[in-house]
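Asks: Pasting the sequence and the predicted model now:
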Amino acid sequence: MGPGPANAHPRILAAQTLPLLGHMHPPFLSIMDEIRQGLRYLFQTSSNYTLLASGTGHAGMEMAIANLVEPGDTVVVGNKGIWGARVADMAERFGANVVELKVAAGKTFSLAELTAAVEQHKPALLFLTQGESSTGVRQSLAGVGEVCRKHGALLLVDTVASLGGVPLLADAWAVDAVYTGSQKCLSAPPGAAPLMLNERALQKVKNRKTKVRSYYFDLNLVGDYWGWFGSRSYHHTGMVSMWYAMREALAVLSEEGLEASWARHEAAHQQLWAGLRELGLEPFVEDPRDRLATVPAGVDWAALCKHAMDAYGVEVSGGLGPTAGKVWRVGLMGYNAKPANVELVLVAFRTGLAKQGYKPA
Ligand code: PMP
């Protein structure tokens, strides 16, 4: 019940134990096609350009940056925690002229701030994290895609900690490129990074003046393995068992339905906050519309985490980056977002706080 990996769904774990197929064999290529289809639903896009990057969330991040950024491009990075800072570092490594937009930990960017930055810097790319797992905020994307389109910028969004848990409608919101991870709201083990580009983003890759500086992540090559361009050629060995898991994860999600999944995550979130408030704890993120699920402390946070693990086998985490030492981070993601688990977290907090003699104000 920390910031991830969340527990995996038993069906997804079982899928991983199936015998291996060859990574270029027709039955396996069909599985890859089904995954692309499932990803279209997950991202809410009709784009043909979906695939799994081989690796964790960082692989999706690095694949997006390596392909969408050319040396000399201006990239505006919304930095409201650790993920923006990493993307800024990454974009710089790929030769971008990086402009970092910063906001205090626990806050989000307003549309006006983002619009002003795009108008002023005329970037090739704007990067935002939807679910900033280091501070627990959810960045609203309303209107941002339109602004980017008007000024010729691409919009890239990190949804590693949010996709499947809160709405993201790539086409309707004019988001050009998105990546996520397998191990959070999608209830799979870590090891696959779903990624999508729309036609605008693909054109940027196709019209590059320079070669993509990473061979492993070059979408001209990886995309060809995934059948983006009509043919299929070997680029690297597909992560066969991991992709069985992702096919199953997308099936599980489709059976539940995105709207039902969002509602389940929202209900778990409300249940947690109702319980935490009874214990006298206050949210770090002030605006409830911006809130994922994060907890501040007036007590020894590490002792409480240890108590939760020792007494209940429940993982909750401390802060990360700008929130280190200031908050607890509780994840309510995927298979874990259910009432009994939330109750277990609350029991761990109740008893852990009592053990430290903490009394609600
Ligand atoms: N972005 C966000 C918002 C994340 O929460 C994480 C993982 N905590 C990542 C990127 C990186 O993902 P991974 O650790 O799977 O590489």
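Replies: Arrived safely, thanks for sending. Nothing here was measured: the structure is a model prediction, and the numbers come from that model.
Asks: Tell me which residue in the stretch 201-350 of the chain sits closest to the ligand.
Replies: The minimum distance from the stretch 201-350 of the chain to the ligand, using C-beta to the nearest ligand atom, falls at residue 320 (8.1 Å). (Each C-beta comes from the backbone N, C-alpha and C, glycine too.)
Asks: In contact with the closest residue in space to that residue that isn't next to it in sequence, which residues?
Replies: Nearest non-adjacent residue to residue 320, counting by C-beta to C-beta, 6 or more residues apart in numbering: residue 134, 4.3 Å away. Shown in contact with residue 134 (C-beta atoms under 8 Å, 6 or more residues apart in numbering): 81-83, 105, 319-323.
Asks: closest point of this structure to the ligand, which residue?
Replies: Closest to the ligand within the chain is residue 57: 2.4 Å, counting by C-beta to the nearest ligand atom.
Asks: burial measure for the residue nearest to that residue when sequence neighbours are not counted, as a count.
Replies: In space, and not counting its chain neighbours, residue 57 is closest to residue 181: 3.5 Å by C-beta to C-beta, 6+ apart. Residue 181: 28 surrounding residues under other C-beta atoms under 10 Å.
Asks: separation between residue 181 and residue 260?
Replies: For residue 181, the distance to residue 260 equals 21 Å [C-beta to C-beta, to the nearest Å].
Asks: again with residue 152
Replies: Taking C-beta to C-beta, one finds residue 152 at 38 Å from residue 260.
Asks: Let me see the contact set for the residue nearest to residue 54 when sequence neighbours are not counted.
Replies: Using C-beta to C-beta, 6+ apart and skipping residues adjacent in sequence, the residue nearest residue 54 is residue 239, 5.1 Å away. By C-beta under 8 Å, 6+ apart, residue 239 lies in contact with 52, 54, 191-192.
Asks: now for the residues you listed, which pair is the farthest apart?
Replies: 52 and 191 (9.2 Å; C-beta to C-beta).
Asks: okay, and the common contacts of those two?
Replies: 239, 242.
Asks: Would you mind telling me which of these two has more residues around it?
Replies: residue 52 (25 against 21).
Asks: which ones are touching that one?
Replies: By C-beta under 8 Å, 6+ apart, the contact set of residue 52 is 35, 39, 192-195, 239, 242-243, 246.
Asks: Quick check: can you list the domain ranges of this protein?
Replies: For the chain, automatic domain parsing gives the domain ranges 10-255, 257-355.
Asks: Identify, out of the ones you listed, the most deeply packed stretch.
Replies: Of the domains of the chain, the one with the most neighbours on average (mean count of other C-beta atoms under 10 Å) is domain 10-255, at a mean of 20.
Asks: so what's residue 71 up against?
Replies: Here residue 71 is in contact with 94-96, 210 (C-beta under 8 Å, 6+ apart).
Asks: Of the residues you listed, which fall within the contact range of the ligand?
Replies: Among the contacts of residue 71, proximity to the ligand is found for none (C-beta under 6 Å from any ligand atom).
Asks: For those, work out which two are farthest apart.
Replies: Farthest apart among the contacts of residue 71 - using C-beta to C-beta - are 96 and 210, which lie 12.3 Å from each other.
Asks: Roughly how far does the nearest residue to residue 216 once chain neighbours are set aside sit from residue 55?
Replies: Leaving aside its sequence neighbours, residue 216 sits nearest to residue 236 (C-beta to C-beta, 6+ apart; 6.8 Å). For residue 236, the distance to residue 55 equals 11 Å [C-beta to C-beta].
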